[in-house]
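A.B. asks: this one's sequence-less:
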């Protein structure tokens with residue numbers, strides 16, 4: 001069992017831990033693309049945010065979209081108090097963005113109030129009191145149960161108040177009153193010289209300050225947004241480009257796309273069989289980014305078109321963004337190498353978007369690509385070439401734009417193939433510096449040998465897979481891109497005519513060696529036949545000698561037999577004489593005995 005002192009220590013520790021937990025600041029999502037990501041959830045709920053900037057930067061649009069999205073998406077009614085434009089003017093101006101303000105007003109989702117303040121009123125009374133404004137705003141808020149409110153613009157309310165002390169006091173009163181009502185407020189203000197606002201006071205009493213700018217650089221206009229401060233909350237501190245189009249404001253921050261995309265083992269074909277083999281026989285990873293770089297005329301568009309054709313053959317969609325050639329020109333050119341891209345356009349699997357880079361700034365290009373992807377929902381995107389985008393901005397801005405685009409595509413598992421034009425004799429690094437964020441990098445080169453130029457390719461890198469390290473020659477034929485076999489002779493790789501000549505020389509040398517072998521084989525055969533003839537002659541000679549010897553031996557035997565017989569006969573003849581003599585001798589003895 002625990003002692004009372006131990007229980008007290010535990011309770012004390014738990015209280016301390018509870019005190020250390022910092023509650024999250026309540027926020028009102030704006031519904032504006034990118035803003036909620038930069039602010040990590042939206043504007044401070046029940047507090048006042050200041051949106052400031054120069055003319056034409058989008059302050060009123062920002063505030064209006066905050067109300068419209070709140071009413072239509074988050075079911076929070078809002079009030080728009082204008083000190084300059086009338087409700088009729090606002091309704092007409094925002095109709096082009098698809099905001100039906102009359103409908104929202106009729107549904108009591110948004111209420112408009114135009115307060116016109118005359119300068120003479122301030123001069124005559126000599127005092128400035130916001131009690132009347134508070135009563136008016138309180139009635140509007142209660143009438144529709146508003147959760148959001150916009151005051152556009154603050155200068156009209158305090159434009160002719162000379163006393164800074166009174167101005168600061170009235171601003172604090174206004175902000176405290178809005179906070180007491182529990183509404184999330186946006187107050188717009190014009191930017192001053194060297195200050196965020198004309199009075200230089202509003203930014204200090206606001207809980208959140210958003211600065212909008214409209215900058216023109218090298219004849220290209222760009223709108224930028226920065227969250228200057230945000231009490232009680234972390235937020236993105238960078239300066240982010242934003243766009244205004246038919247859908248409202250779109251902020252595309254780099255930090256809005258975190259590196260949390262999925263990685264798959266699924267592959268997608270390059271469209272060229274022998275190129276697939278260089279990637280292990282399977283092609284690129286699905287959802288990866290592929291960079292195809294090379295000088296002019298190396299075949300970048302042909303490689304890209306093969307990939308697009310392969311995607312469509314699998315029944316998937318491909319979006320082709322062209323910055324140099326028109327749709328019909330690309331279809332015609334690829335038809336000459338056996339790729340019928342037109343059929344996929346008719347079937348709705350291939351969509352071209354061909355524009356000059358100078359038609360938009362980088363951010364508008366990025367937004368248009370986002371919109372095309374949302375509308376077409378492709379499985380693959382081809383951008384040909386990315387190097388042309390440098391015309392609309394410096395290399396750093398282009399890299400930033402492409403980084404955001406590639407990250408966006410990865411989150412949607414869209415395979416991206418980018419072509420890039422490099423300078424002759426340049427280094428392997430791209431001018432934009434985008435090679436480091438590409439997953440696969442194909443380098444195409446023209447080799448000048450023997451007075452001719454031949455196309456070659458090799459894989460510089462391909463993350464997550466084994467790949468060929470060979471330099472491969474390829475031909476662009478009427479049947480598409482054809483990779484040639486690697487031909488190595490005398491310690492070097494031969495391409496083009498040099499390859500043909502070397503192959504002929506090697507064939508000639510091989511034929512000469514073959515003929516020499518055949519000659520030696522024939523000579524050896526003749527020697528064999530000659531030796532066999534010699535052996536046959538010796539065998540005949542041997543047989544003749546043997547026969548002669550046999551004859552001599554037979555004759556000797558015959559003569560020996562004859563001699564033997566003669567001797568026997570002679571012997572017999574001699575024995576015969578002795579026997580008869582003995583017989584006569586013996587016969588005489590017998591007769592004497594008688």
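C.D. replies: Structure received. Bear in mind the structure is a predicted one, so any value in this text is a computation, not a measurement. Numbers count the residues shown, from 1 in each chain.
A.B. asks: Tell me where the protein is predicted with low confidence.
C.D. replies: Along the chain, the model assigns pLDDT under 70 to residues 1-23, 117-129, 157-164, 199-200, 218-219, 252-258, 425-431, 450, 486-500, 575-594.
A.B. asks: Could you work out the end-to-end span of stretch 70-79 for me?
C.D. replies: For stretch 70-79, the first-to-last residue distance is 11 Å (Cα to Cα, to the nearest Å).
A.B. asks: Same question for stretch 409-423.
C.D. replies: 28 Å.
A.B. asks: So for it, what gets flagged as buried?
C.D. replies: 409, 410, 414, 415, 416, 417, 418, 419, 420, 421, 422 (16 or more other Cβ atoms under 10 Å). (Glycine included, C-beta is placed from N, CA and C.)
A.B. asks: repeat for stretch 393-408
C.D. replies: Neighbour counts using 16+ other Cβ under 10 Å place 393, 397, 398, 399, 400, 401, 402, 404, 405, 406, 407, 408 of stretch 393-408 among the buried residues.
A.B. asks: quick one: contacts for the fourth one?
C.D. replies: Yep, that's residue 399 we're talking about. Residues near residue 399 by Cβ atoms under 8 Å, 6 or more residues apart in numbering: 432, 433, 434.
A.B. asks: Could you dump the residues you listed into CSV and include neighbour count and distance to residue 94?
C.D. replies: Shown next, in CSV, are the contacts of residue 399 (neighbours: other Cβ atoms under 10 Å; distance: Cβ to Cβ, whole Å):
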residue, neighbour count, distance to residue 94
432, 22, 38
433, 13, 41
434, 24, 38
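A.B. asks: Nearest to residue 33 among the residues you listed?
C.D. replies: Nearest to residue 33 among the contacts of residue 399 is residue 434, at 24.2 Å by Cβ to Cβ.
A.B. asks: Quick one: list the elements packing against the longest helix seen in the chain.
C.D. replies: With secondary structure taken from DSSP state H, the chain has its longest helix at helix 496-593. Counting contacts by 3 or more Cβ pairs under 8 Å, 6 or more residues apart in numbering; DSSP states H and E, helix 496-593 packs against strand 440-449, strand 452-462.
A.B. asks: rerun that using 6 Å as the cut-off
C.D. replies: Contacts defined by 3 or more Cβ pairs under 6 Å, 6 or more residues apart in numbering; DSSP states H and E place helix 496-593 against strand 452-462.
A.B. asks: Name the strands paired with the strand it packs on and say parallel or antiparallel.
C.D. replies: strand 440-449 (antiparallel), strand 472-477 (antiparallel) (DSSP bridges).
A.B. asks: now the first one against helix 496-593, angle please.
C.D. replies: Note on geometry: by axes from the mean of the first three to the mean of the last three Cα atoms, to 10 degrees, strand 440-449 and helix 496-593 are set 80 degrees apart in direction.
A.B. asks: just how off-centre is strand 440-449 within its chain?
C.D. replies: Its chain's average C-alpha position is 19 Å from that of strand 440-449, according to Cα atoms, centre = their mean, to the nearest Å.
A.B. asks: same question, the shortest one
C.D. replies: With Cα atoms, centre = their mean as the basis, the distance from the averaged C-alpha position of strand 472-477 to the chain average is 23 Å.
A.B. asks: returning to what we had before: what about the buried residues of stretch 409-423, which are in strands?
C.D. replies: 415, 416, 417, 418, 419, 420, 421 (DSSP state E).
A.B. asks: Let me know the closest of those to residue 93.
C.D. replies: Using Cβ to Cβ, those come closest to residue 93 at residue 416, 37.5 Å.
A.B. asks: If the closest one is in a bridge, with which residues?
C.D. replies: Applying DSSP bridges, one finds that residue 416 bridges with residue 289, residue 381.
A.B. asks: hang on, isn't it packed against residue 289?
C.D. replies: Yes. Counting by Cβ atoms under 6 Å, residue 416 does reach residue 289; the two are 4.6 Å apart.
A.B. asks: ok so, going back, for residue 75, state which of the buried residues of stretch 393-408 is nearest.
C.D. replies: residue 408 (28.9 Å).
A.B. asks: Distance check, that closest one against residue 34.
C.D. replies: 12 Å (Cβ to Cβ, to the nearest Å).
A.B. asks: Same check on residue 531?
C.D. replies: 96 Å.
A.B. asks: neighbour count winner among these two?
C.D. replies: Ranked by neighbour count (other Cβ atoms under 10 Å), residue 531 and residue 34 place residue 34 first, with 21 against 10.
A.B. asks: Number of residues surrounding the residue nearest to residue 283 when sequence neighbours are not counted?
C.D. replies: Closest residue to residue 283 apart from its sequence neighbours, by Cβ to Cβ, 6 or more residues apart in numbering: residue 269 at 4.3 Å. The number of residues packed near residue 269 is 20, by other Cβ under 10 Å.
A.B. asks: surely residue 269 meets residue 284?
C.D. replies: No. With contacts counted by Cβ under 6 Å, residue 269 stays clear of residue 284, the gap being 8.1 Å.
A.B. asks: Could you check stretch 148-155 and say which residues are buried?
C.D. replies: In stretch 148-155, counting by 16+ other Cβ under 10 Å, buried: 148, 149, 150, 151, 152, 153, 154, 155.
A.B. asks: Domain-wise, how is this protein divided?
C.D. replies: 27-256, 267-484 (automatic domain parsing).
A.B. asks: starting at the chain centroid, how far to the longest one?
C.D. replies: When distances are taken as Cα atoms, centre = their mean, domain 27-256 is centred 40 Å away from the chain's centroid.
A.B. asks: before we move on, what about the shortest one?
C.D. replies: Between the centre of domain 267-484 and the centre of its chain there are 9 Å (Cα atoms, centre = their mean).
A.B. asks: how long is that domain from one end to the other?
C.D. replies: Domain 267-484 end-to-end distance (Cα to Cα) = 24 Å.
A.B. asks: so who does residue 362 touch?
C.D. replies: Residue 362 makes contact with 392, 393, 397, 401, according to Cβ atoms under 6 Å, 6 or more residues apart in numbering.
A.B. asks: redo that, cut-off 8 Å
C.D. replies: Taking Cβ under 8 Å, 6+ apart as the criterion, residue 362 is in contact with 220, 222, 241, 389, 392, 393, 397, 398, 401.
A.B. asks: Please list the members of these that lie in strands.
C.D. replies: Of these, the ones assigned to strands by DSSP E are 220, 222, 241.
A.B. asks: Check the gap between the second one and residue 472 for me.
C.D. replies: So the one you mean is residue 222. Relative to residue 472, and taking Cβ to Cβ, residue 222 is found at 43 Å.
A.B. asks: can you give me the helices for the stretch 101-250 of the chain?
C.D. replies: Using DSSP state H, counting those that start in this stretch, the helices of the stretch 101-250 of the chain run over residues 101-106, 119-125, 131-144, 154-158, 164-181, 202-205.
A.B. asks: Those into TSV, with extra columns for distance to residue 339?
C.D. replies: Shown next, in TSV, are the helices of the stretch 101-250 of the chain (distance: least, Cβ to Cβ, whole Å):
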stretch	distance to residue 339
helix 101-106	49
helix 119-125	71
helix 131-144	60
helix 154-158	60
helix 164-181	63
helix 202-205	58
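A.B. asks: Out of those, which is the most enclosed?
C.D. replies: helix 154-158 (a mean of 20; mean count of other Cβ atoms under 10 Å).
A.B. asks: What residues of stretch 278-288 count as buried?
C.D. replies: 278, 279, 283, 284, 285, 286, 287, 288.
A.B. asks: you'd agree the third one is up against residue 276?
C.D. replies: Yes. Here residue 283 reaches residue 276: they are 4.7 Å apart, a contact under Cβ atoms under 8 Å.
A.B. asks: just to revisit the earlier point, could I get the buried residues of stretch 148-155 in CSV, plus columns for distance to residue 320?
C.D. replies: Shown next, in CSV, are the buried residues of stretch 148-155 (distance: Cβ to Cβ, whole Å):
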residue, distance to residue 320
148, 42
149, 47
150, 42
151, 47
152, 43
153, 45
154, 48
155, 48
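A.B. asks: Of these, which belong to strands?
C.D. replies: Per DSSP E, the buried residues of stretch 148-155 map to strands at 148, 149, 150, 151, 152.
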